[in-house]
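J.: quick one: sequence plus predicted model below, questions after.
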Amino acid sequence: MNNKILGIDIGGSGIKGAIVDIKTGKLLTERFRIETPAGGKPQDIINVLIELTEHFKWRGKIGCGFPAVVKSGVICTAANIDNSWVGIDLAKELKHKYKLNATIINDADAAGLAEIKFGAAKNKKGTIIMTTIGTGIGTAVFYNGVLLPNTEFGHLEIKGEIAEFRASDAARKREDLSLKKWSKRLNRYIAELEKLLWPDMIIIGGGIAKKKEKIADLLKAKCELKFAEFGNEAGIIGAALYATNTKL
Ligand code: BGC
């Protein structure tokens, strides 16, 4: 069996890809990043996906993490992307129009898969929440290693506001919050997650994971709290892992 898959992570600011060894979770190439086109319109993003496959001269399977609810390849929501995405069967479109063999998964679910299989939650049982803090807030919930797909706990309401609007990395930048101030908001979010789901571990990933040294002491949880071992690469690795098996 061929162990190599092109993993792609579509994010709010960048679209990143690398060829992944799905047996080890290691990147076999440098990560290649292209800015996410402003507005996040379907054709613009599809063009970037094609550019990425051309960069890697890739003909094999592709796993693609997408920042929305995804059911059987169809994009179901559009929180931080253009509304016209809703209803598009991206897997089908890529296959029929561009002959690309891609499976599509929610971006946070992808990141969670990588951390469960090879990273921060390897061999860990119980309820694990992966949360990606970037342009939005994504979540992936696992129980004993099994994913409950498409949880959208970044959209919990806190103090009358959507959590990702208050506590994402984009919110921190937009409101020019100090890390201390922002961390209070994230801690409140973590407390809400704990109140509802009683996890055994929460993993913090996404763009903010780059600041882990600075924020580690500011973040609090009742359960074990870890940073994503693969940092911002978890989404690429997990998307590739997902392409090896089932539909969600
Ligand atoms: C979307 C999620 C996504 C998250 C992180 C949210 O706005 O609703 O589906 O996982 O952003 O990209």
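T.: Everything's here; your move.
J.: gap between residue 154 and residue 36?
T.: 18 Å (C-beta to C-beta, to the nearest Å). For the C-beta atoms, the positions are set from N, CA and C on the backbone; glycine is no exception.
J.: which one's more surrounded, the two?
T.: Between residue 154 and residue 36, counting by other C-beta atoms under 10 Å, residue 154 is the more crowded of the two (24 against 21).
J.: shouldn't that one be within a helix?
T.: Yes: with DSSP: H, G, I helix; E, B strand; the rest coil as the criterion, residue 154 is located in a helix.
J.: so it is in contact with residue 164, correct?
T.: Yes: the pair residue 154 / residue 164 is scored as a contact, 4.2 Å apart, by C-beta atoms under 8 Å.
J.: overlap in contacts of the two?
T.: By C-beta atoms under 8 Å, 6 or more residues apart in numbering, residue 154 and residue 164 have these common neighbours: 79, 136, 137.
J.: so what's the second one up against?
T.: Residue 136 makes contact with 12, 67, 79, 80, 154, 164, 168, 170 under the criterion C-beta under 8 Å, 6+ apart.
J.: could you redo the last one with a cut-off of 6 Å?
T.: Shown in contact with residue 136 (C-beta atoms under 6 Å, 6 or more residues apart in numbering): 79, 80, 154, 164, 168.
J.: and of the residues you listed, the nearest to residue 195?
T.: Checking those against residue 195 with C-beta to C-beta, the nearest one is residue 154 at 15.8 Å.
J.: how much space between the closest one and residue 24?
T.: 30 Å.
J.: which stretches of the protein form helices?
T.: Assigned by DSSP state H, the chain shows helices spanning 42-55, 90-98, 107-117, 163-167, 169-174, 179-197, 212-215, 234-242.
J.: among those, show me which one is buried the most.
T.: Across these, averaging neighbours per residue (mean count of other C-beta atoms under 10 Å) puts helix 234-242 on top, at a mean of 31.
J.: sorry, back to before: quick one, which of the helices of the chain is nearest to residue 146?
T.: Of all the helices of the chain, helix 107-117 comes closest under C-beta to C-beta, at 9.2 Å.
J.: are that closest one and the ligand in contact anywhere?
T.: Yes: Helix 107-117 is in contact with the ligand by C-beta under 6 Å from any ligand atom, via 107, 108.
J.: give me the domain ranges for the chain.
T.: What the record gives for the chain is the domain set 4-109+234-242, 113-229, from automatic domain parsing.
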